[in-house]
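Asks: Here you go, sequence then predicted model.
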Amino acid sequence: WVWAWALARAWAWARAQTRKMADFKRSTHATHWLYSPEEWAALDRRRHAALRRMHASDPPVRQVHCFAVEADPKPEADGSFALPEAPMSPADERAVQRHFTRMIVDVYAQAAERDSSIYSATAQATAIALFRRFYLSNSVVAYSPWLMMLAAILLASKVEERRVEPARLLKLFKYEDLTVEQLVLYESFLMEGCHFHFRVFHPYRPAAAFFDDFVHALHAEAAAGGDGRVSPEALPEAERAVREETHHAVTRLLLHDLAFQTAPATLALGALKYATKHPAPESGGNLPPELAPAFERYIAGLSERLPAAAAEKFAAEVNAAAAAVGEVLAEDEAAQSEEGAASMKKLRKQLKRCCLWKDDVPASGSKKKKKK
């Protein structure tokens, strides 16, 4: 009866969210920015081909693309027009994009220490999404990731109603060598590259709702007693640890490719599943061993209301999202290692040699050095 009560409550909550979910299904996020695995794999090819076509002209002419609304051009049938090789491989471009996506998180963290009004989880998530949307269709060779990172933060502050003036943004992030005109120009590139699709649905809200519902189910189980239940004494500490780690896990998922392949609600459940097995370090690294099996029962209860094929897909997507959190953590560790740092330094030097945006960014977009 405990799980029947929990499922009834979940069903009531789901009905209350029907209108919001309908909004998501009709949104540009759902209709233009969610890709199948096959479509996602083809994006690198399309972006690389666009970069090669750009370099086929003399001098190269930059053009902002948005593959979410552009048809995929057919290759030359007779092969008579040979495109030149691009200055960077798709894998190298992808590595640079990931590096600057992680930088958005670091930049927000540093800025929040100086001015907390600029930071919110949703503003940071929107900046990450807009930055990634732009570089799904455009190359870091053609448009500076340094300036685009700041443009994404600027545009996200407007979208999420935490508006900050461009001049203040440059000063806050210590990019005072750049001008407001340069930043606003890149904001216009960003808007065009996203086809003016600024609304982004994030997993934070569904994660909070699923967390609350799961906690109610845990309390109902604890009240009912029996084996395999989380004890009432352990629940408060477990709740705090899982809540914190779920928030961190959602942020990590925004850096993963699944953010463009899976609905936010499913990502939220994946983050919650990860959190029930991997507590935040601040909690001491301990969680009740009964917590993870309890979440599996919770997911099984949600799956029972779906058709068999949909339930199987739903479970697979939640498992994939939970695994993706670990993948992002592993990438972060690799990037912070000496070998990873040396590799990125080499890629950034290569990018500065072959880029087409040298005139966009003074001193290669580096931060202004303080005089001793």
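Replies: Now that the structure is in, tell me what you want to look at.
Asks: mean confidence score for the strand or helix carrying Ile104?
Replies: Here Ile104, judged by DSSP states H and E, is contained in helix 90-114. Mean per-residue pLDDT for helix 90-114: 89.
Asks: Likewise for stretch 61-78?
Replies: For stretch 61-78, the mean confidence score works out to 74.
Asks: With stretch 149-164 instead?
Replies: 90.
Asks: CA atoms only for it, dumped as CSV, please.
Replies: Output in CSV follows, covering the C-alpha atoms of stretch 149-164 (Å, rounded to 0.1, in the frame of the first residue of the first chain):
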residue,chain,number,x,y,z
MET,A,149,31.4,32.4,-24.0
LEU,A,150,30.9,36.0,-22.8
ALA,A,151,28.1,36.6,-25.3
ALA,A,152,26.3,33.5,-24.0
ILE,A,153,26.5,34.8,-20.5
LEU,A,154,25.3,38.2,-21.5
LEU,A,155,22.3,36.8,-23.5
ALA,A,156,21.5,34.3,-20.7
SER,A,157,21.3,37.1,-18.2
LYS,A,158,18.6,38.7,-20.3
VAL,A,159,16.7,35.5,-21.0
GLU,A,160,16.6,34.6,-17.3
GLU,A,161,15.9,38.2,-16.2
ARG,A,162,19.2,38.7,-14.4
ARG,A,163,20.3,41.4,-16.8
VAL,A,164,23.8,42.8,-16.5
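Asks: Show me the contact partners of that stretch.
Replies: 100, 103-104, 107-108, 117-118, 120, 122-124, 126-128, 130-131, 134, 166, 169-170, 172-173, 175, 178, 183, 186-187, 189-191, 198-200 (C-beta atoms under 8 Å, 6 or more residues apart in numbering). (Each C-beta comes from the backbone N, C-alpha and C, glycine too.)
Asks: hmm, try it at 7 Å
Replies: 100, 103-104, 118, 120, 122-123, 126-127, 130-131, 166, 169, 173, 175, 183, 186-187, 190-191, 198 (C-beta atoms under 7 Å, 6 or more residues apart in numbering).
Asks: Spit out the contact partners of the spatially most central residue of the chain.
Replies: By C-alpha atoms, centre = their mean, the mean C-alpha position of the chain lies nearest to Leu254, the distance being 2.0 Å. The neighbours of Leu254, taking C-beta under 7 Å, 6+ apart as the test, are 125, 128.
Asks: State the distance from it to Ala271.
Replies: 10 Å (C-beta to C-beta, to the nearest Å).
Asks: same thing with Ala263?
Replies: The gap separating Ala263 from Ala271 is 13 Å, by C-beta to C-beta.
Asks: What of Tyr298?
Replies: Distance from Tyr298 to Ala271, by C-beta to C-beta: 14 Å.
Asks: which one of the two has more residues nearby?
Replies: Per other C-beta atoms under 10 Å, whichever of Tyr298 and Ala271 has more neighbours is Ala271, with 29 against 24.
Asks: Please name the nearest non-neighbouring residue to that one.
Replies: Among residues not flanking Ala271 along the chain, Ala249 sits closest, at 3.7 Å (C-beta to C-beta, 6 or more residues apart in numbering).
Asks: Quick check: phi and psi at the one you found.
Replies: Phi and psi for Ala249, reported as degrees, to the nearest 10, are phi -70, psi -40.
Asks: Is it correct that it is in contact with Lys273?
Replies: No. Look at Ala249 against Lys273 with C-beta atoms under 7 Å: they stay out of range, at 8.9 Å.
Asks: Who has more neighbours out of these two?
Replies: Ala249 (29 against 24).
Asks: count of neighbours near the nearest residue to Ala129 once chain neighbours are set aside?
Replies: Leaving aside its chain neighbours, Ala129 sits nearest to Val200 (4.4 Å; criterion: C-beta to C-beta, 6+ apart). Close neighbours of Val200, defined as other C-beta under 10 Å, add up to 24.
Asks: Flag every buried residue along the lengthiest helix in the chain.
Replies: In the chain, assigned by DSSP state H, the helix with the most residues is helix 308-336. By neighbour count, and taking 16 or more other C-beta atoms under 10 Å as the criterion, the buried residues in helix 308-336 are 311, 314-315, 317-318, 320-322, 324-325, 327-328, 331-332, 335.
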